[in-house]
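> Predicted model, plus sequence, below.
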Amino acid sequence: MLTALRRYMVPLVLIAVFLFALLIVLEWGLDFTSRQRFGDAFAGRINGEEISWTQYNQALNQLTGQAAQQFDGDIPEGTLRQLEEQAWEQLVQAVLFRQEAERRDIVVTDKDLLFYLRFQPPQFLQTQQVFLDENGNFDYQRYQTALADPQFAALWNEIDPFLREEIRSQKLQQSIINTAQVTDLEVRQRFIDSLEQVTIGVINVPYSRYIPALTNFSDEERESFYRENPENYRLERRAKAHIVLLDQSPTEFDWEVAQKRTQDIYDSLQSGSDFADLAALYSEDATNRERGGALGWFDRGAMVSAFDSAVFAMDSGQISPPIRTEFGWHIIRHNGFQDADGTEQANADHILIRARLSADTFDRQIMQLTSFAERAREIGFLEAAAEMELFSQTTPFFYEGGSIGVVGQHPEALEFSFSESVGSVSRVMDSDAGNFVMGIAERREAGIAPFEEVAARVEQDLRRTRVTAVCADTAAAIYAAIQAGESMEAAARPFGLEYAEVAPFSRTSFVPGGIGRDPIAIGAAFGLQNPGDMTGVINHSSGSAIMVLVNRTTPDLTAYNDARDQIRQQILADRQQALFTDWYLSLREKSDITNNLRQLRESRAGTT
């Protein structure tokens, strides 16, 4: 749970930006365009404080408005579900910050407010027309004049309570992160760590050398290993589901509809319409439609086959009739050829019309899945799928909060899987993969998993245990030979291994020679002080090794003074962010928080 929440934690530098907007939502309760009303009167409760659907919808609208621009107005279902969760988490953060500030009796004085307005103009004010210069840029002098202008008194009075809440949240934040400190020694060590390098000689004994020989374990060996290490196979609550999914790929009918639309655009071009204008108006290639569909120069073979063949068969100035590719229907305008260092290139513009799942096709899918869900409840999921000739897939086990095979991350499907009884059949749900119905096939409670469920993992663990022992034993034998007086080269040779000096590396890079970015190995290498110093056997993430220091390069400390302040600020920022995140996650975990977002999804998708 806490790991998932970290995705929604806002960096410290952004907290003030989103808090102001959310405080307006929470205090004013203004209504935008979404006016859902559900069985529960509230979207949720946070420590007893009710959050209305109007407040939630506003927070969601802020996020979906931004996403709509990114996805050209068509937000994928999976992304929409993530935005719904993110909107709720942002509201939770804003409310918890306000509640905690009230609990601590944090006060905002008039002096605090005036300082904030003068030296930290709120972002939303910086975009108001009255404070912009003739070039559309924020005019700080004009803004300062307005602060003392009685004509603006109504504005300052109106936003006063919300600015105070934002300042109070900032004071709360500052009180939490003020405990973070950085010493001069830490700064100096970070500087050294980033630049100091070592060169080592190494004998590496990699797992990969012995794994191929460790493949045939008996049933008795596997089961014995399982019995000896039961805690390794303790699993959380999990479920398995049957799923019937109808993907949202367009049908041939949908392709014909898109072709007709493309043909109409082509006919307009033939009648004299401007290509660039129609591209800007109709093309669904958002990367170039504002440039008239311009693709620029490209080599033969750079585009998908059908498009490429058409372009290099056209004449300069020609406009093609609709051409179908995997991306949709294209109208191409050829702008000419050129030779670029012996390579033929073409220059073209295009208008793209995608084939999309039509409303009729979508409705037929919903009706078919609804009928299937009803029948599955009567005779059983697999039986209904066979009867109606629908393809059913059975997922591997998945965990609460995890990803479901076939449909991926899907909060509603997860909630259904762990709240309903085995054998239950869901309503029709939607996902990026398509519309689907699921049935709970099996559920297992937390505990040590039966051997058959984890047999493959037991074999992997057994193999790793054996190969780890082989590598460690081999490295130990080599080390013993070295200690007895043999050179590293001679000690490695009987085992088919080699001694090699590797390129210099730093603490923040990786150890060459097949060891990689292993902290144990890197720490051991930098723990060697003088040339000739040798480690014992080092067991790293991909084998065992013996290392000897060849050379250590100490950074030039004359550059330290120039870098010191920047390094200090970076360490401090990292420490403050970690401190604040841990504090917030602890606060949230102790809070009483419930939401009714499932009703939002059911309202959007419809119920069965």
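Noted; the coordinates are in hand.
> Packing partners of the longest helix seen in the chain?
Of all segments of type helix in the chain, defined using DSSP state H, the longest is helix 451-483. Using 3 or more Cβ pairs under 8 Å, 6 or more residues apart in numbering; DSSP states H and E, the elements in contact with helix 451-483 are strand 197-206, helix 219-228, helix 488-492, strand 538-540, strand 543-553. To be clear about C-beta, it is placed using only N, CA and C from the backbone, and glycine gets the same treatment.
> Format these as JSON lines; extra columns: mean neighbour count.
What follows is the helices and strands packed on helix 451-483, written out as JSON lines (neighbours: other Cβ atoms under 10 Å):
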{"stretch": "strand 197-206", "mean neighbour count": "22"}
{"stretch": "helix 219-228", "mean neighbour count": "13"}
{"stretch": "helix 488-492", "mean neighbour count": "19"}
{"stretch": "strand 538-540", "mean neighbour count": "20"}
{"stretch": "strand 543-553", "mean neighbour count": "21"}
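> so where's the chain shaky on pLDDT?
Of all residues in the chain, those with pLDDT under 70 make up the ranges 1-40, 72-74, 77, 599-608.
> got the buried residues for the longest strand anywhere in it?
Across the chain, the strand with the greatest residue count (assigned by DSSP state E) is strand 328-340. By 16 or more other Cβ atoms under 10 Å, the buried positions in strand 328-340 come out as 328, 329, 330, 331, 332, 333, 334, 335, 337.
> How about the fourth one: what's its closest non-neighbour residue?
By the measure of Cβ to Cβ, 6 or more residues apart in numbering, the closest residue to residue 331 outside its immediate chain neighbours is residue 351, 4.5 Å from it.
> What segments of the stretch 201-350 of the chain are helices?
219-228, 252-270, 275-282, 305-311 (DSSP state H, counting those that start in this stretch).
> okay, the angle between the longest one and strand 328-340?
Per axes from the mean of the first three to the mean of the last three Cα atoms, to 10 degrees, the angle that helix 252-270 makes with strand 328-340 is 50 degrees.
> same for helix 252-270, what does it pack against?
Against helix 252-270 (3+ Cβ pairs under 8 Å, 6+ apart) you get helix 275-282, strand 328-340, strand 343-353, helix 359-379.
> Using PDB, list the CA coordinates for that helix.
These are the backbone C-alpha positions of helix 252-270, laid out as PDB (Å, rounded to 0.1, in the frame of the first residue of the first chain):
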ATOM      1  CA  GLU A 252     -13.800  -4.200 -41.200                       C
ATOM      2  CA  PHE A 253     -17.000  -2.200 -40.900                       C
ATOM      3  CA  ASP A 254     -15.100   0.400 -38.800                       C
ATOM      4  CA  TRP A 255     -12.300   0.500 -41.400                       C
ATOM      5  CA  GLU A 256     -14.900   1.100 -44.100                       C
ATOM      6  CA  VAL A 257     -16.400   4.000 -42.100                       C
ATOM      7  CA  ALA A 258     -12.900   5.500 -41.800                       C
ATOM      8  CA  GLN A 259     -12.200   5.000 -45.500                       C
ATOM      9  CA  LYS A 260     -15.400   6.800 -46.400                       C
ATOM     10  CA  ARG A 261     -14.400   9.800 -44.300                       C
ATOM     11  CA  THR A 262     -10.900   9.800 -45.800                       C
ATOM     12  CA  GLN A 263     -12.500   9.600 -49.300                       C
ATOM     13  CA  ASP A 264     -14.600  12.700 -48.500                       C
ATOM     14  CA  ILE A 265     -11.500  14.600 -47.600                       C
ATOM     15  CA  TYR A 266      -9.700  13.400 -50.700                       C
ATOM     16  CA  ASP A 267     -12.700  14.600 -52.800                       C
ATOM     17  CA  SER A 268     -12.400  18.000 -51.200                       C
ATOM     18  CA  LEU A 269      -8.700  18.200 -52.100                       C
ATOM     19  CA  GLN A 270      -9.600  17.300 -55.700                       C
END
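> between it and strand 343-353, how many degrees?
110 degrees.
> Spit out the contact partners of residue 443.
Contacts for residue 443 (Cβ atoms under 8 Å, 6 or more residues apart in numbering) come out as 237, 238, 239, 240, 417, 418, 422.
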